[in-house]
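Participant: Sequence plus the predicted model coming up.
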Amino acid sequence: MQPVEIKTKIYWVGGIDWDLRYFHGYLTPRGTTYNAYLIVDEKIVLVDTVKHYLFDEMLSRIKKVVDPAKIDYLVVNHVEMDHSGSVPKIMDLAPGAKIVTSPQGKKGLERHYKRNWDFVVVNSGDELNIGSRTLKFVHTPMVHWPDSMVTYIPEEKLLLPNDAFGQHIASIERFDDELGWDVVHEEAAKYYANIVLPYGDQVNKALDVVSQLPIDVIAPSHGVIWRSFLPRILQVYRRWANHETGKKALIVYDTMWGSTKKIALALQDGLEDAGIPVTVRFLQTSHISEIMPDVLVSKAVLIGTPTLNNGMLPSVSAFLTYLKGLRPKKRIGFAFGSYGWGGQGAKEVKAFMQSMGWEVPLDVVNLQYIPGEDELEAVREMGRKLGEVL
Ligand SMILES: Cc1cc2nc3c(=O)[nH]c(=O)nc-3n(C[C@H](O)[C@H](O)[C@H](O)COP(=O)(O)O)c2cc1C
């Protein structure tokens, strides 16, 4: 296993998880990497580690550069186990090493591993001299855990932001330009939409700090390293953090007998008549984590469900539960569905949208059993109306 020198005497020594397809509820068809970085200076520093089962892979990369026993500092930017899972084994191999982390990081590591390690607890703005370089730590709480912080090396114009700017991609390429903007942007958007979306305010604060720093490389803890598309990723992160969307619509629905689908397609028709591009997602074939990137870029979110046992379909309520946690703001909502007698499903969806603080300018479309052509034409007209207010 080879290390990759990303700056003079700074090495990527992470692990590539080719097999990962499911990551706490998020589908990862391209797998992922856990990126750890080894800095060789007067002091030897390892920044973050890898998920426990890739420890040997990380170790073999480290050994190509230094004897792991010589590690002086282990920086833990984030406690989550995909990055800290190999901390115990590294600390066993480097018993003289100190763990550099935030106050919340120390608490989190103690709760996770119950070990008596030597800590250097750093506050936001603290610096640690390691020889010819300085490590500067900036806390970024809730991007995306309370312990999260970034490490900045001014002499190298290098930012190690842990999960921020990450993407779930397993690849032999280590840099953004080796894969190309389209793939890296797609996975960065999916990552943001599924992990970072609730923390827009905190991301904005972190971006304010980052924009003051001279940076030419951002090396996150998942996926490839940003060196060529830096201005572009910073720009889209700002847009996402501000919940800015395109003039686009997303229709998400499920159906038992096809009626709600007919309504979905009539809405699509009407919106397209009004010049709005529409993405249509069927909950039986699209996983909720695959739908989130569409939510990220769509101003209008239309959600349809038939009524089942006095409520919405469980697949729709699962999607809404996920959406509620991820808290997309500034959206225009529209609820629709088919029913037999009570019709509660679509009404519940509308109430959900209002509880999210979304604008819901039009009433629900709730049609009994199979919609007729005249009803579908009225639905198309609703779609046109909605398209006009976007
Ligand atoms: C198992 C089952 C339970 C249902 N429960 C209700 C209900 O509680 N209230 C209601 O209004 N309709 C209920 N319906 C009727 C459906 O909502 C209706 O058939 C609707 O047209 C289905 O829409 P779809 O074709 O999009 O699945 C139920 C249907 C099924 C199959």
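Facilitator: Happy to help now that I have it. Numbers count the residues shown, from 1 in each chain.
Participant: D56: how many residues sit nearby?
Facilitator: D56 is flanked by 13 other residues according to other Cβ atoms under 10 Å. Any C-beta I mention is one placed from the backbone N, CA and C, and that applies to glycine too.
Participant: contacting residues around the closest residue to the ligand within the stretch 1-150 of the chain?
Facilitator: Among the residues of the stretch 1-150 of the chain, L27 lies closest to the ligand, at 25.2 Å counting by Cβ to the nearest ligand atom. Residues in contact with L27 (Cβ atoms under 8 Å, 6 or more residues apart in numbering) are R21, H287, S289, E290.
Participant: From those, list the buried ones, please.
Facilitator: Buried subset of the contacts of L27 (neighbour count, 16 or more other Cβ atoms under 10 Å): H287, S289, E290.
Participant: would JSON lines of the residues you listed with pLDDT and secondary structure be doable?
Facilitator: Compiled in JSON lines, these are given as follows (pLDDT from 0 to 100; DSSP: H, G, I helix; E, B strand; the rest coil):
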{"residue": "H287", "pLDDT": "98", "secondary structure": "coil"}
{"residue": "S289", "pLDDT": "98", "secondary structure": "helix"}
{"residue": "E290", "pLDDT": "98", "secondary structure": "helix"}
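Participant: Looking at those residues, spot the one nearest the ligand.
Facilitator: Closest approach to the ligand among the buried ones among the contacts of L27 (Cβ to the nearest ligand atom): H287, at 20.3 Å.
Participant: Look up the pLDDT of the nearest residue to that closest one once chain neighbours are set aside for me, please.
Facilitator: Excluding its sequence neighbours, the residue lying closest to H287 (Cβ to Cβ, 6 or more residues apart in numbering) is L27, at 5.0 Å. Note on L27: pLDDT of 96.
Participant: Kindly identify which of the buried ones among the contacts of L27 also come near the ligand.
Facilitator: When Cβ under 6 Å from any ligand atom is applied, no member of the buried ones among the contacts of L27 is adjacent to the ligand.
Participant: would you turn those into TSV with distance to L362?
Facilitator: Compiled in TSV, the buried ones among the contacts of L27 are given as follows (distance: Cβ to Cβ, whole Å):
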residue	distance to L362
H287	28
S289	28
E290	27
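Participant: Specify which member of those is nearest to S86.
Facilitator: Checking the buried ones among the contacts of L27 against S86 with Cβ to Cβ, the nearest one is S289 at 25.8 Å.
Participant: nearest residue to that closest one other than its sequence neighbours?
Facilitator: Once flanking residues are discounted, S289 sits nearest to Y26: 4.3 Å by Cβ to Cβ, 6+ apart.
Participant: so how many other residues sit close to that neighbour?
Facilitator: Y26, neighbours per other Cβ under 10 Å, totals 21.
Participant: Would you mind confirming that it makes contact with I291?
Facilitator: No. With contacts counted by Cβ atoms under 8 Å, Y26 stays clear of I291, the gap being 11.5 Å.
Participant: Would you enumerate the residues in contact with F319?
Facilitator: V252, L283, I288, I291, I303.
Participant: Let's see that with 6 Å instead.
Facilitator: I288 (Cβ atoms under 6 Å, 6 or more residues apart in numbering).
Participant: And whichever strand or helix holds D82, how far out from the chain middle?
Facilitator: Secondary structure from DSSP states H and E places D82 in helix 81-84. Offset of helix 81-84 from its chain centre (Cα atoms, centre = their mean, to the nearest Å): 16 Å.
Participant: Pull out the buried residues from it.
Facilitator: D82, H83, S84.
Participant: go on, stretch 178-188?
Facilitator: L179, V183, V184, H185, E187, A188.
Participant: next one: stretch 273-283
Facilitator: Burial within stretch 273-283, assessed by neighbour count using 16+ other Cβ under 10 Å, is assigned to A274, I276, V278, T279, V280, R281, F282, L283.
Participant: where are the low-confidence patches of the stretch 1-150 of the chain?
Facilitator: In the predicted model, the stretch 1-150 of the chain carries no residue with pLDDT under 70.
Participant: circling back: want to throw the buried residues of stretch 273-283 into JSON lines with distance to L74?
Facilitator: Shown next, in JSON lines, are the buried residues of stretch 273-283 (distance: Cβ to Cβ, whole Å):
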{"residue": "A274", "distance to L74": "56"}
{"residue": "I276", "distance to L74": "51"}
{"residue": "V278", "distance to L74": "49"}
{"residue": "T279", "distance to L74": "44"}
{"residue": "V280", "distance to L74": "48"}
{"residue": "R281", "distance to L74": "42"}
{"residue": "F282", "distance to L74": "46"}
{"residue": "L283", "distance to L74": "43"}
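Participant: Over to the residue of the stretch 101-250 of the chain found nearest the ligand. Which of the three states is it?
Facilitator: Distances between the stretch 101-250 of the chain and the ligand by Cβ to the nearest ligand atom are smallest at L250, namely 18.4 Å. Put simply, L250 is strand when judged by DSSP: H, G, I helix; E, B strand; the rest coil.
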